[in-house]
Structure formats: C-alpha cells, structure tokens
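Engineer: my questions are about this predicted structure, shown below with the sequence.
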Amino acid sequence: MSQPIKAFITLLLCLAATTTIVSKDWGRPDLEGDEFEKRFTASYGVLSEKEPPIDELEVQILEKLAPMMRVNREYAQTLLESMTVGDAPRSATFNYLLGNVYFENDEYFLAEEQYKTAIEKFPDFQRAWTNLGVLKLRSDDTRNALVSFLKAVELGDTKPSTFGMLGYCHFRQGNFISAEVAYDRAMLSEPNNLDWLEGKAQVYLEADRFAEAIHTQDELIARRPNDTDYWLAQANAYLAIENLRQAARNLEIVRSIGKANFQSLYQLGNLYSNLGLFGPASDAYLDAAPLAESSDISFLIAATNVLIRNEQIELAKDLFSKIEITSYPTDSDTRFSYYSIAAEIAYHEGDLYASIERLEEATQFDPTNGKALVKLARRYIEADKRDKAYLLLDRAERDPEAEYPAVLTRAKLLIEEKRFSESQPYVARALKLQSSDSIQVLYQQVEDAVRNRD
C-alpha cells in the first residue's frame, strides 16, 4: 500500500470511527428495552435446577411474595429486607430476589451486595451469577461481567441473551474468536436479534477480517436497508481493503437515503478526489459545507487545498466561498490555512497584489512558516519589490523545512541581478542541502560567470 493511500485511509478510518460509523456500541445488549425487562421480570421465579434449597415455610412465603413483585414492589422490598436480616438462616433465594428489586430501583450497589451474598450462600446459584454479570455489564465492567457470565454458562445457562452478553464481553476484552463463537450461539437461538449479528460484524472489523465483515454487513443491510450505520460500517471495511469505489458507493447510498452528515459527505468528497473525480468531489464538499460546525472548518479548508493542488481552481473557488471563517472561533493554524488559500485563489485570478495582501495576513498567524515566507517573497519579486523579498528570505532561511527553497530563491534573484559573486555561496549552500544535476549545472555556470568577470 502506498504511503499517500495509507495516510488517506487512516484519516478516513479515524473520522469514521469517531463520528459517523455507528451511533451505538455494536453488539452491546440493550439493557433498557422491553425485551430485557421481560426477561428480567421472569427471573423472579424459581428454577428447580441450580437453585438454593428452600424449606416449606420459605416456599409459602415465596408463593405470597411472587404476585407482590408485580403489583406492590415497595411492600415486597420491605418484606424481603426483613427476611434477609437477623440471625435466622434464610435461603439465598431471598437475597437474590432482593437484589433484583434493588436492580430495578437503580440501586446497583445494594443489588450487587445481595447477589454476592446469594452466591456466597450457594456458589452454584446460576441466575445470581447471570444477573451479577448483567449488573457489571451495565456499569461497563466487562472484565468482571465476563467472569460472571462464564460461570453462569458453566452452571448450565443456555439463554441466547447470556451468550450475546458473553460475546460482547469477550469482544471488549479483545478475545475475538471467543466473541465470535458466543455470538454464533446467541444467533442460533435468536436469529432475529440483530444485536448479535451487529456484534459479530464489529468483531470482524476489529480483528481486521474485512471480507467477512463485508459479508456480515450485507446481511444486516438486507435486513434493514435504511439503517445508515450498516452502510457506513461497510464503507469502512471497503476502505480497509482499498476498494475506494465501493466505499464511495456506500456513502452515496447514505446520501440518497437523506441521512448524510458532514463527516460522511466530507469522506465522500475525499474518496472522489482520490479517484480523480473532482466534479463529484466538489459536489460532496459543497453539500457538506452547510452542515459544518466550528470544528469542521479546518476539514473544508483541507478539501479546498486538495482541489487547488489538483488545479481545480473554479471548483476550489466555489467551495471556498462557502467557508464562513468569521462566524466561528478558529485557531491560528486554521486562519493561516484560510488566508493562504485566499492568496492562491487571488493569484490564479491574476490579482498579484490581493494575493500578497492575503499572504501577509496568513503570515501574521504563523510568522515563522518558511514556506509561506518564500512564497510571499516570490510574489514580491514579481511585484518588483526586491528589498522586501530579501527581508522575507532572511526569515524563511531560519525554518529548516524552507531553508533550501529560500536559499535557492535568493541565489536565483542575485543571479538575475548579475551579482554572481554574491550568489555563489548561496548556490553552493543549496547544492549541499539538496544535491541535484540542475543545481550542479547552476553552480558551474555561476563559477564561470565569476571567473569571466574577473
């Protein structure tokens, strides 16, 4: 992969990953929705296997308690709290049920205490392990959630939701193969739950298995063709394998759905630019411009620079006219770039003095930028203001990145003025900085001119 392509793809992937690819954490179970609530409510019952023993009196209490859980949870909580204090040994079931009540009341610390107490009393309490895992997952503690879910599965939990949550925890811990296996188990029993298929797609992306990611996203797209997250994620996978045309196609589909945002349009413009399709690139950039926020201005300026570098001046002018730099607080680097572009556009329009004025404004925001100083010096040379040019070249030579063009520009200016002896050390310096046949020839010509003068 060439370095420019690699850098370009890195930029797009960074943008996508942070802003446009997914609006949620793919594969993370929905712990707020109706389905989760139904499953959680069902966990109040009593299972015959992997459950702590309960005596006859406790059975009678639980039979009376069960309907209260749904109609008067406050009273049920009070009753359970009274059952779990004191010296009389009570079944771990009561701690587990109280943990569930606390969980539903968003009292997560208290819920965790009760689940752990239930497990201490009865280490093989399968559902206590599962719900402890859910509690840990809710607080994003995927390492401890993973431990709990693994124990629940070991004790016989085969629910697809448990395997789905297990898959997500494995993914977050970097266990990609285990995550894939867990998601497969979840999908086998819940093929219509797209959380698990999304999770699997994310595993493939993170593990750099891009061909598999693309195929998985094809299935997601077939299920929900208007979900832009799927199209964008697949675009990222295409970018990773350098299939820029397919990536652009996906972004165009997002655009046609009417859900393109600034980032996706800007990416689309970059893709078209990289493919040499500057008309469509400009259209995408122009569509992105009205959606720009203050933090996006630098991207529009970069896009304008791309068009200028590819000699698409009229397209660059159209885009540049949409950049409202005065409407937003911008940093010095952004303003430097803005006025530098304004100078280039003015120069291409034949307005030398406007170009000089804009470059002077640019250098106010970055007074030590040697390349800009060299460019400004050359414009002053064109305007026949050579004294000013020499002063600018003095400043430019202090910038290591601009020393060579500054020294060479000074040497050529001295040669034009037939000041050959003065130019000779500068040509020698240029040759030392960057040896080439043309500079070697120039040095020989200057040496001959000095000799002939003598």
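Structural biologist: On my side now, so go ahead.

Engineer: can you pull the contacts of H170?
Structural biologist: For H170, the contacting residues are L146, F176, S178, A179, A182, by CB atoms under 8 Å, 6 or more residues apart in numbering. All C-beta spots, glycine's among them, are computed from the backbone N, C-alpha and C.

Engineer: just the ones of those residues in helices?
Structural biologist: L146, F176, S178, A179, A182 (DSSP state H).

Engineer: check the gap between the third one and F149 for me.
Structural biologist: Between S178 and F149 the distance, using CB to CB, to the nearest Å, works out to 11 Å.

Engineer: okay, the two: which has more neighbours?
Structural biologist: Comparing S178 with F149 by other CB atoms under 10 Å, the one with more neighbours is F149, at 29 against 18.

Engineer: which element is the more buried one on?
Structural biologist: For F149, the host element (DSSP states H and E) is helix 142-154.

Engineer: contacts for that helix, please.
Structural biologist: By CB under 8 Å, 6+ apart, helix 142-154 touches 126-127, 129-130, 132-134, 136-137, 157, 162-163, 165-166, 168-170, 172-173.

Engineer: highest neighbour count among the ones in helices among the contacts of H170?
Structural biologist: A182 (29 neighbours).

Engineer: residues contacting L393?
Structural biologist: L373, V374, A377, A406, T409, R410, L413.

Engineer: please redo it, this time with the cut-off set to 10 Å
Structural biologist: Counting by CB atoms under 10 Å, 6 or more residues apart in numbering, L393 touches 370, 373-374, 376-378, 380-381, 402, 405-410, 413, 426.

Engineer: same thing with Q217?
Structural biologist: 197-198, 201, 204-205, 229-238, 250 are the contacts of Q217 under CB under 10 Å, 6+ apart.

Engineer: how about T216, nearest residue that isn't a chain neighbour?
Structural biologist: A201 (4.2 Å; CB to CB, 6 or more residues apart in numbering).

Engineer: doesn't Y183 make contact with the one you found?
Structural biologist: Yes - look at A201 against Y183 with CB atoms under 10 Å: they come within range, at 9.4 Å.

Engineer: show me the contacts of helix 142-154 that map onto helices.
Structural biologist: 126-127, 129-130, 132-134, 136-137, 162-163, 165-166, 168-170, 172.

Engineer: what subset of these is buried?
Structural biologist: Applying 16 or more other CB atoms under 10 Å to these, the neighbour count classes 126-127, 129-130, 132-134, 136-137, 162-163, 165-166, 168-170, 172 as buried.

Engineer: wait, F420 sits on V450?
Structural biologist: Yes - using CB under 10 Å, F420 is in contact with V450, at 4.9 Å.

Engineer: which one's more surrounded, the two?
Structural biologist: Between F420 and V450, F420 has the larger neighbour count (other CB under 10 Å), namely 19 against 14.

Engineer: then stretch 352-369 to CSV, C-alphas only?
Structural biologist: What follows is stretch 352-369, C-alpha atoms only, in CSV (Å, rounded to 0.1, in the frame of the first residue of the first chain):
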residue,chain,number,x,y,z
LEU,A,352,-1.0,39.7,-7.6
TYR,A,353,-1.5,42.5,-5.0
ALA,A,354,-4.5,40.8,-3.5
SER,A,355,-2.5,37.6,-3.3
ILE,A,356,0.3,39.5,-1.5
GLU,A,357,-2.2,41.0,0.9
ARG,A,358,-3.7,37.7,1.8
LEU,A,359,-0.3,36.1,2.3
GLU,A,360,0.7,38.9,4.6
GLU,A,361,-2.4,38.2,6.6
ALA,A,362,-1.6,34.5,6.7
THR,A,363,2.0,35.1,8.0
GLN,A,364,0.6,37.1,10.8
PHE,A,365,-0.9,33.9,12.2
ASP,A,366,2.3,31.9,11.6
PRO,A,367,5.2,34.3,11.3
THR,A,368,7.8,31.5,11.2
ASN,A,369,6.3,29.4,8.4
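
Engineer: quick check: mean pLDDT of that stretch?
Structural biologist: In this model, stretch 352-369 has a mean pLDDT of 95.

Engineer: flag every buried residue along it.
Structural biologist: By neighbour count on 16+ other CB under 10 Å, the buried set for stretch 352-369 is S355, I356, E357, R358, L359, E361, A362, T363, F365, D366, N369.

Engineer: who's in contact with that stretch?
Structural biologist: With CB under 10 Å, 6+ apart, stretch 352-369 has contacts from 330-349, 351, 372-373, 375-380, 382-383, 385, 388, 392, 395-396, 398-399, 401-402.
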